[in-house]
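> predicted structure and sequence below. I'll ask about it afterward.
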Protein chains: 2
Amino acid sequence: MTLRELGEFGLIDRIARAAARRGGSGAGVVLGIGDDAALLRLRPGEQIAVSTDACFEGVHFRLRNESPRSIGRRALVANLSDLAAMGARPLGCVLALAAPPGLAVRTADALVAGLLDEAVRHACPLVGGNLTRASEISLTITVIGAVARGRALRRDAARAGDRVFVTGTLGGAALERARAERGRGRIRRVAVPRLRAGRALSALAGRGRVACIDVSDGLDADLAHLFEGRPLGAELAAARLPIPPGFRAACRRAGLDPEALARGGGEDYELLFTLEPGAPSAARLARQLGVRVSEIGRVVRRPAAGRAPAPPGWRHF
Amino acid sequence: MTLRELGEFGLIDRIARAAARRGGSGAGVVLGIGDDAALLRLRPGEQIAVSTDACFEGVHFRLRNESPRSIGRRALVANLSDLAAMGARPLGCVLALAAPPGLAVRTADALVAGLLDEAVRHACPLVGGNLTRASEISLTITVIGAVARGRALRRDAARAGDRVFVTGTLGGAALERARAERGRGRIRRVAVPRLRAGRALSALAGRGRVACIDVSDGLDADLAHLFEGRPLGAELAAARLPIPPGFRAACRRAGLDPEALARGGGEDYELLFTLEPGAPSAARLARQLGVRVSEIGRVVRRPAAGRAPAPPGWRHF
């Protein structure tokens, strides 16, 4: 059966029922799917964090390279990662789904099931949305989160001399994508949004200086974003870049440059952050954040260059 | 110049500068465009209202029928209308813009300028967004609003015997669209989201029963949404349907059925609401809501039919 046969309201019903089965409400939800707007609640002393991210067929995914369920999972993870990078906890999300009328209902079901997998895992219920026909499939998700007043992890906090850290490893997502684009394997890896680590950093932000961004465009590109419009840069120790086990060998087999992938590849969704010189060691931070942490360099003064020159990350136009 | 030449980050800069020039911040904005997420604040006793709505080329608009500025305006109005229908006040919005790389920068500028026109008018600043390439232009907007706890205008409040009201007039948007589709004139009319009326109804909701929805799909379709899943319907007095001045004559000239347009046409973005039998008269409500109000019928009991049979409003698949 196709979406044309099922109809818009039939699909809305299916999505609403699937969301309800999988815990459509949560502690922050006052009113979920089915009204003109959803209603969410904050705890005292909290502010709203909001971020939107789009996932388009042919740009962010290809159906031949990846299961629809994985696409749905990755779409929400990209959004949750933005909340993590602010130190926020998720309250809920809304999905604007666009698809051709000829799309199989089971494909739409699987896209939504993937989104709900991550929604359940990270307590970010689907509370509303929009459906429209279009010539390409796209999932545009907006996440709403909550963060204690004054504890959000803003990009503009870094100063010269601060130390640069990153969670997890870099390059794995780019390697898998590069292989899939060459017809060698499918994309199966779904990053883990670093929500717990972000909240732990948010607690540190109450006591010292923390700047944070998630690595969605690639390390070099996201470093440039972190310092944008300010006369700062980073000196990185290339040997300290954390890469997945077996990464160099896998890159060599695929004819790819491991350093270029680790620095330029996006979608690892690790947290890239800076702390004051007197901050804890990477080992101690790892315990506090519940994830591997590597110290990879230092913030330095640099002549203001306006917009950084073409970083090697994702480019959209 | 095209988006390909300008680049993604060039376009982000342009949009951020335009938003800043036109009042990018507002009373509810803690942190606007430029970080992983925007930060917004509520007043004590308020809850978050969130709604998302997509506007796709070829479905919701055609560049040959309408100026890009009007498209941008209508895209935000559709979202603001959802906040109005909940009785919420706007805090801010985020825009996920998708466009082909060959699009002229001046077209993208005009789309955004239109959105900002309405953002300024209704105190709903643009606080973040996302850009991606796609084969069609689309604007997917999510609005965040605030509503006092217990005062949101929910759809499920109506009971048999309640009176049915609508603000403004119906059919005008559908007539203009039908004419434009036949190559007779362009779409110039931008609806006014009934935010003030929604807040006035929200105050009434503190003292009595109010159900509310905005007329985006068409009167009959939105009445069906209002009663969805419950054994209720509405008896309407066709003669009381409020239509714009000169509407019947204009429909006749265009060979269109005025009643079908007034009942089936969408995008008027008026508020359709029900009140208890003892509610004020339409004339008194008009003074309270600051807009024309017509009493058009009554809620009646009706055998539960599950999903209402194909209402004549917009269909997406």
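Looks like it arrived, so ask away. In this text the structure is predicted, and so the values were computed from the model without any measurement. Numbering: from 1, shown residues only, chains lettered A, B, ... in the order given.

> would you map the strands across the stretch 201-317 of chain A?
In the stretch 201-317 of chain A, the strands defined using DSSP state E, counting those that start in this stretch lie at A:210-214, A:232-236, A:271-275, A:293-301.

> could I get those strands as JSON lines with distance to residue B:142 and mean neighbour count?
The way it works is simple: take the backbone N, C-alpha and C, and place the C-beta from them, glycine included. Formatted as JSON lines, these follow (distance: least, CB to CB, whole Å; neighbours: other CB atoms under 10 Å in any protein chain shown):
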{"stretch": "strand A:210-214", "distance to residue B:142": "19", "mean neighbour count": "27"}
{"stretch": "strand A:232-236", "distance to residue B:142": "32", "mean neighbour count": "18"}
{"stretch": "strand A:271-275", "distance to residue B:142": "24", "mean neighbour count": "27"}
{"stretch": "strand A:293-301", "distance to residue B:142": "33", "mean neighbour count": "19"}
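
> among those strands, which is nearest chain B?
Closest to chain B of the strands of the stretch 201-317 of chain A is strand A:210-214 (CB to the nearest CB; 6.1 Å).

> other residues contacting that closest one?
With contacts defined as CB atoms under 8 Å, 6 or more residues apart in numbering or on different chains, strand A:210-214 is touched by A:81-82, A:84-87, A:153-158, A:162, A:194, A:198, A:201-202, A:204, A:222, A:225-226, A:269-275, B:36.

> for it, what is the average pLDDT?
Strand A:210-214 comes out with an average pLDDT of 97.

> partner strands of it, with direction?
Partners of strand A:210-214 in the sheet, by DSSP bridges, are strand A:271-275 (antiparallel).

> still on that earlier bit, next step: the contacts of strand A:210-214 restricted to helices.
Secondary structure assignment by DSSP state H places A:81-82, A:84-86, A:198, A:201-202, A:204, A:222, A:225-226 of the contacts of strand A:210-214 in helices.

> quick check: ChimeraX command selecting the buried ones in these.
A single ChimeraX command selects the buried members of the ones in helices among the contacts of strand A:210-214 (16 or more other CB atoms under 10 Å in any protein chain shown):
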select /A:81,82,84,85,86,198,201,202,204,222,225,226
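
> the closest residue to chain B within the stretch 151-300 of chain A: how many residues sit nearby?
Going by CB to the nearest CB, chain B is nearest to residue A:155 of the stretch 151-300 of chain A, at 5.2 Å. Using other CB atoms under 10 Å in any protein chain shown, residue A:155 is surrounded by 23 other residues.

> how about the contacts made by it?
Contacts of residue A:155 (CB under 8 Å, 6+ apart): A:211-213, A:225-226, A:228, B:34-36.

> repeat for residue A:15
Counted by CB under 8 Å, 6+ apart, residue A:15 has contacts A:33, A:95, A:97, A:112, A:126, A:129.

> give me the below-cutoff pLDDT ranges for chain A.
A:24, A:304-316 (pLDDT under 70).

> can you give me the helices in it?
Counting by DSSP H, the helices of chain A are A:3-6, A:8-21, A:68-86, A:105-121, A:172-181, A:195-204, A:219-226, A:247-254, A:258-264, A:282-289.

> next, give phi and psi for residue A:228.
phi -60, psi 130 (degrees, to the nearest 10).

> what's the burial count for it?
17.

> gap between it and residue B:182?
Residue A:228 is 49 Å from residue B:182, where distance means CB to CB, to the nearest Å.

> and what of residue A:95?
In terms of CB to CB, residue A:95 sits 35 Å off from residue B:182.

> have a look at the two and say which one is more surrounded.
residue A:95 (27 against 11).

> how about the more buried one, nearest residue that isn't a chain neighbour?
residue A:129 (4.1 Å; CB to CB, 6 or more residues apart in numbering or on different chains).

> now do the contacts for residue A:277.
Residue A:277 touches A:161-163, counting by CB under 8 Å, 6+ apart.

> ok, the residue nearest to residue A:95 touching residue A:33?
Yes: using CB atoms under 8 Å, residue A:129 is in contact with residue A:33, at 7.3 Å.

> with neighbour numbers in mind, choose between those two.
The residue with more neighbours, out of residue A:129 and residue A:33, is residue A:129; 26 against 21, by other CB under 10 Å.

> now for that one: which residues touch it?
Residue A:129 neighbours (CB under 8 Å, 6+ apart): A:15, A:33, A:94-97, B:52.

> gap between the nearest residue to residue A:16 once chain neighbours are set aside and residue B:243?
Once flanking residues are discounted, residue A:16 sits nearest to residue A:33: 4.6 Å by CB to CB, 6+ apart. Noted for residue A:33: a distance of 33 Å to residue B:243, by CB to CB.

> swap in residue A:32?
36 Å.

> swap in residue A:96?
32 Å.

> more neighbours: these two, which one.
residue A:96 (26 against 19).

> got the contacts of residue A:277 as a markdown table, with neighbour count columns?
Formatted as a markdown table, those follow (neighbours: other CB atoms under 10 Å in any protein chain shown):
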| residue | neighbour count |
| --- | --- |
| A:161 | 12 |
| A:162 | 22 |
| A:163 | 20 |
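
> narrow the residues you listed to those in strands?
residue A:163 (DSSP state E).

> highest mean neighbour count out of the helices of chain A?
Highest mean neighbour count among the helices of chain A (mean count of other CB atoms under 10 Å in any protein chain shown): helix A:68-86, with a mean of 27.

> that helix close to chain B?
Yes: against chain B, helix A:68-86 shows contacts by CB under 8 Å from any CB of the partner chain at A:82-83, A:85-86.

> I'd like these written out as a markdown table, with distance to residue A:41 added.
Converted to a markdown table, these look like this (distance: CB to CB, whole Å):
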| residue | distance to residue A:41 |
| --- | --- |
| A:82 | 21 |
| A:83 | 17 |
| A:85 | 23 |
| A:86 | 19 |
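
> how far off centre is stretch A:73-85?
With CA atoms, centre = their mean, to the nearest Å as the basis, stretch A:73-85 stands 3 Å off its chain's centre.

> I misspoke; the intended subject was stretch A:241-252.
With CA atoms, centre = their mean, you get 22 Å for stretch A:241-252.

> so what's residue A:163 bridging to?
residue A:275, residue A:298.

> dump the residue contacts of it.
A:274-277, A:279, A:295, A:297-299.

> could you measure from it over to residue A:276?
8 Å.

> again, but for residue A:112
Distance from residue A:112 to residue A:276, by CB to CB: 43 Å.

> likewise residue A:82?
24 Å.

> same question, residue A:147
Distance from residue A:147 to residue A:276, by CB to CB: 21 Å.

> and chain A, what are its domains?
Using automatic domain parsing, the domain parsing of chain A gives A:7-148, A:155-301.

> and the ones you listed as TSV, adding distance to residue B:76?
What follows is the domains of chain A, written out as TSV (distance: least, CB to CB, whole Å):
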stretch	distance to residue B:76
domain A:7-148	14
domain A:155-301	26
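
> for the spatially most distant residue from the centre of chain A, give me its contacts.
Ranked by distance from the centre of chain A (CA atoms, centre = their mean), the top residue is residue A:5, with 34.0 Å. Contact analysis of residue A:5 by CB under 8 Å, 6+ apart lists residue A:105.

> what of residue A:238?
Counted by CB under 8 Å, 6+ apart, residue A:238 has contacts residue A:259.

> and if you look at residue A:161?
With CB under 8 Å, 6+ apart, residue A:161 has these contacts: A:277, A:298-299.

> kindly check the end-to-end length of stretch A:236-245 for me.
Length of stretch A:236-245, first residue to last, CA to CA, to the nearest Å: 21 Å.

> what's the answer for stretch A:287-295, then?
14 Å.

> just stretch A:119-133 next, same as before
End to end - CA to CA - stretch A:119-133 spans 24 Å.

> what of stretch A:118-135?
26 Å.

> do stretch A:164-175 as well
End-to-end distance (CA to CA), stretch A:164-175: 24 Å.

> same check on stretch A:19-31?
13 Å.
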